Structures are given as C-alpha cells and as structure tokens.
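Peer 1: Mind looking at a prediction? Sequence and model below.
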Amino acid sequence: MLAIDSNDEYNEVLPALLRSNSVSDAVNEVRDLLKLDHITYHLAHKIGDPLDNPFVRTTYPPEWVSHYLLNNLASIDPVVQAGMTSADPFFWCDLETTPEAEKMFVEASKFGIPLNGYSVPHQDSKGRGSLFSATLGVENGMEQDRLRSLAEVLQLLAKDFHIKAIAEVYSNDVDMPQLPPRELECLKWCAEGKTYLEIAMILELSEHTVRSYLKSARLRLDCVSLAQAANKASKLKII
C-alpha cells in the first residue's frame, strides 16, 4: 500500500502524464516534476506482429541514444537484460555486471548518464512487455535515498506509461477501442470512484466537459453505463 507522501506525489504527477500529447512529452514532464535526471520507457514487443523498431522514449541525450543503438549496447546492458527476464522491480546497484557492461557504464557517464537507477518491468494481459526506468545521480548518498522513496510511485507510473504507450503504438489495431487521451484520463479517474466534479478539479476542466468526455468514452466502448465502460476499459488494459 502506498505511503501517504508517495500517494500525494503520484496524484500530483499523474495528471501531467495523462495530459501529455505523447509518451515523449510525458517522460520529460514526469522527469521534471519528480526532479529526476532521466526517465526511459521501452516497449519490448507486440504479440503477433513484432515491431521492426523498438518503441523507446527517453530523456537521455540524443548523442548517447545514437551511440547506444549504433553499437548494439542493448545486448550487453544488464538493465535491459534484467528487465526482459525479471517480473520484479530492481535497483541498478543490485545487478551483476560483466566487464563489457562496466565499460558501457563508463561510456554512459561521459554522456552525463547517472549509474544510479531503478527499473520496473511490466507485462499486460496480452503479453506485451515494457521496462520503465528512472535515474538519479549519486553525489552524497542522499540521491539513492530519494530514488528509494520514489519506488512505489515509479511502480504505479510504469503501468500508466504502458497504457499511454499502447494507445499511441496500437492506434491502428481494429480490435482495440480507440479513445482519445482526454477520454481515457476521465475514465481512469471515474474507475477510481471520482465524481464528475472531482475529475473536473483534478484535470482542470469544466464539469460539463468531463461529462461529455465520459459519455463519448462510454459510447466508444459500446456500454450502457459508466461502470460497465470503466470495467471494460480495465479488462482491455487501456486504463
């Protein structure tokens, strides 16, 4: 169960993530709000139709991203390897590394990439996997404590980022109801028991607008009630 402070921090960050126009925007906004150095979201695969290019959104410097891809560093990256084989979140400091991986970390530090990180693997009901990682530099030890205090928040955000990425990547899937981001965020809060007025206050919208979004979401999901719509959206893993 989330601690009170963690719950407050999550509720402060979530609206910004949901309002973002894309996962690219979201990683930057969440990084800034949580005062982290970097955030990376990596969608691993798609059942039945693997992506030719992995869906990766990060705040890392473009120069490092290019270097990483050109040298196929994912093949020796212990974070990626652990993320693709483990179901549990992990701190980077707990990983076993190889000499090649140590060399990669040294290279990363030259690009300003902290070696202090926390990663959350996630897999949805359709077998689509992802890895959500956050980094924070270590100078006097306090940064590690800060990252540990964010662990629960980051675990929740990993699922939210996955939902947002799935909506962005699979926008052409005919079997998946297509709800715009605003409708999804309203429905998510509705599923959590929030009233029209509360949702309006959280998302800084008018109550009339919230009602319109929720009605549209209900119709897109072919449901007769909001409770049914929220339940269906939850089962489809789109909220």
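Peer 2: Perfect, I can see it now.

Peer 1: Domain-wise, how is this protein divided?
Peer 2: The chain is divided into the following domains under automatic domain parsing: 4-169, 181-235.

Peer 1: now these in TSV, with mean pLDDT?
Peer 2: As requested, those are exported to TSV (pLDDT from 0 to 100):
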stretch	mean pLDDT
domain 4-169	84
domain 181-235	87
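
Peer 1: So which residue is smack in the middle of the protein?
Peer 2: With distances taken as Cα atoms, centre = their mean, F161 lies nearest the centre of the chain, 2.4 Å away.

Peer 1: Would you mind measuring from it to K194?
Peer 2: Note on F161: its distance to K194, by Cβ to Cβ, to the nearest Å, is 21 Å. Every residue, glycine included, has its C-beta placed from N, CA and C.

Peer 1: Tell me who's in contact with the residue nearest to the centre of the chain.
Peer 2: Remark: with contacts taken as Cβ atoms under 8 Å, 6 or more residues apart in numbering, F161 is in contact with 17, 23, 26-27, 41, 130, 132.

Peer 1: Let me know the next secondary structure element after the helix or strand containing it.
Peer 2: For F161, the element it lies in under DSSP states H and E is helix 151-169. Once helix 151-169 ends, the next helix or strand along the chain (criterion: DSSP H and E) is helix 181-191.

Peer 1: and that following helix with helix 151-169, angle?
Peer 2: 140 degrees (axes from the mean of the first three to the mean of the last three Cα atoms, to 10 degrees).

Peer 1: so what secondary structure elements neighbour helix 181-191?
Peer 2: The contact analysis (3 or more Cβ pairs under 8 Å, 6 or more residues apart in numbering; DSSP states H and E) places helix 181-191 against helix 4-19, helix 151-169, helix 196-203, helix 207-220, helix 226-235.

Peer 1: Same list (those) but as CSV, adding distance to P99.
Peer 2: CSV is the format used below for the helices and strands packed on helix 181-191 (distance: least, Cβ to Cβ, whole Å):
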stretch, distance to P99
helix 4-19, 37
helix 151-169, 29
helix 196-203, 49
helix 207-220, 52
helix 226-235, 46
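
Peer 1: Give me whichever of the ones you listed is most buried.
Peer 2: Neighbour counts (mean count of other Cβ atoms under 10 Å) averaged over each of the helices and strands packed on helix 181-191 peak at helix 151-169, with a mean of 20.

Peer 1: can you pull the alpha-carbon coordinates of that one into PDB?
Peer 2: Written as PDB, here are the backbone C-alpha positions of helix 151-169 (Å, rounded to 0.1, in the frame of the first residue of the first chain):
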ATOM      1  CA  ALA A 151      10.000   3.300  -5.700                       C
ATOM      2  CA  GLU A 152       6.200   2.800  -5.200                       C
ATOM      3  CA  VAL A 153       5.400   5.900  -7.200                       C
ATOM      4  CA  LEU A 154       7.500   4.600 -10.100                       C
ATOM      5  CA  GLN A 155       5.900   1.200 -10.000                       C
ATOM      6  CA  LEU A 156       2.500   2.900 -10.500                       C
ATOM      7  CA  LEU A 157       3.700   5.200 -13.200                       C
ATOM      8  CA  ALA A 158       5.200   2.200 -15.100                       C
ATOM      9  CA  LYS A 159       1.700   0.900 -15.700                       C
ATOM     10  CA  ASP A 160       0.400   4.300 -16.600                       C
ATOM     11  CA  PHE A 161       3.200   4.800 -19.100                       C
ATOM     12  CA  HIS A 162       2.500   1.400 -20.600                       C
ATOM     13  CA  ILE A 163      -1.200   2.300 -21.100                       C
ATOM     14  CA  LYS A 164      -0.300   5.500 -22.800                       C
ATOM     15  CA  ALA A 165       2.300   3.900 -25.000                       C
ATOM     16  CA  ILE A 166      -0.100   1.100 -26.000                       C
ATOM     17  CA  ALA A 167      -2.700   3.700 -27.000                       C
ATOM     18  CA  GLU A 168       0.000   5.500 -29.100                       C
ATOM     19  CA  VAL A 169       1.600   2.500 -30.700                       C
END
